[in-house]
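Peer 1: missing the sequence, but the structure's below:
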């Protein structure tokens, strides 16, 4: 290095370390035995898994889930899906075609908000498979993002159950811009997404 050169971040964009990191994504967490409590995204942000009961964990799913990634890295930010500024990997895959379903149900499970709360009606959505064009992986990712947006809009600044304050939706708590979708899994009769939150 020359005396007048300064290295601000030796692992930053354009560096060899950054290139190696971005071109070698780890296996998607949904392919592991259990979803990890923490996951590191391609931008090296560490996100935390939204808690859920053990019965709603991938080892208990009815069949393999649907993963969401970009450039091989697991995790897609909800805000980017809502703005239509991101395309998931294998976006045109028709994830439901082999089931022969006409419709299915998508459900959100978020800790601290009881099922009889005012926001509960926004937790479920019947998604139709489409008649002319089958629903794609990209379509389903956007539907999950839309449902989460509606749920958060109703739950924002509402009280949460004691012990779950860290998972409350508020300006000082969890915000939509910090939520990521990693996958969605089928449990008996509903699809439930695996969500992670950026705490930074």
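Peer 2: Sure thing, it's come through. Because the structure is a prediction, the values reported are computed rather than measured.
Peer 1: Give the helix, strand or coil label for the residue most central in space within the chain.
Peer 2: Closest to where the C-alpha atoms of the chain average out (CA atoms, centre = their mean) is residue 181, at 0.7 Å. Under the three-state scheme (DSSP: H, G, I helix; E, B strand; the rest coil), residue 181 adopts strand.
Peer 1: That one bridge partners, please.
Peer 2: When assigned by DSSP bridges, residue 181 has beta-bridge partners residue 76, residue 195.
Peer 1: ok, now residue 190?
Peer 2: Beta-bridge partners, per DSSP bridges, of residue 190: residue 187.
Peer 1: thinking again about what came up before, surely the residue nearest to the centre of the chain touches residue 81?
Peer 2: Yes. In this structure residue 181 lies within contact range of residue 81 using CB atoms under 8 Å: 7.4 Å. Bear in mind the C-beta positions are built from the backbone N, C-alpha and C, glycine included.
Peer 1: list residues touching both of those two?
Peer 2: 141, 144, 145 (CB atoms under 8 Å, 6 or more residues apart in numbering).
Peer 1: Mark which of those residues are part of helices, please.
Peer 2: The members of those that map onto helices under DSSP state H are 141, 144, 145.
Peer 1: Could I get the pLDDT score of the second one?
Peer 2: So the one you mean is residue 144. The model reports residue 144 with a pLDDT of 94.
Peer 1: cool, and residue 5?
Peer 2: 51.
Peer 1: Kindly report the same for the one 3 residues further on.
Peer 2: On pLDDT, residue 8 comes in at 50.
Peer 1: Please apply the same query to residue 131.
Peer 2: We note a pLDDT of 61 for residue 131 in this prediction.
Peer 1: show me where the chain has helices.
Peer 2: Remark: helices assigned in the chain by DSSP H are 16-22, 78-82, 137-155.
Peer 1: which residues touch the second one?
Peer 2: Outside helix 78-82, the residues within contact range by CB under 8 Å, 6+ apart are 86, 141-142, 144-146, 148-149, 176-177, 179-181.
Peer 1: need the contact list for residue 25.
Peer 2: Applying CB under 8 Å, 6+ apart to residue 25 gives the contacts 42, 69, 71, 72, 73, 74.
Peer 1: now with 10 Å?
Peer 2: 41, 42, 69, 70, 71, 72, 73, 74 (CB atoms under 10 Å, 6 or more residues apart in numbering).
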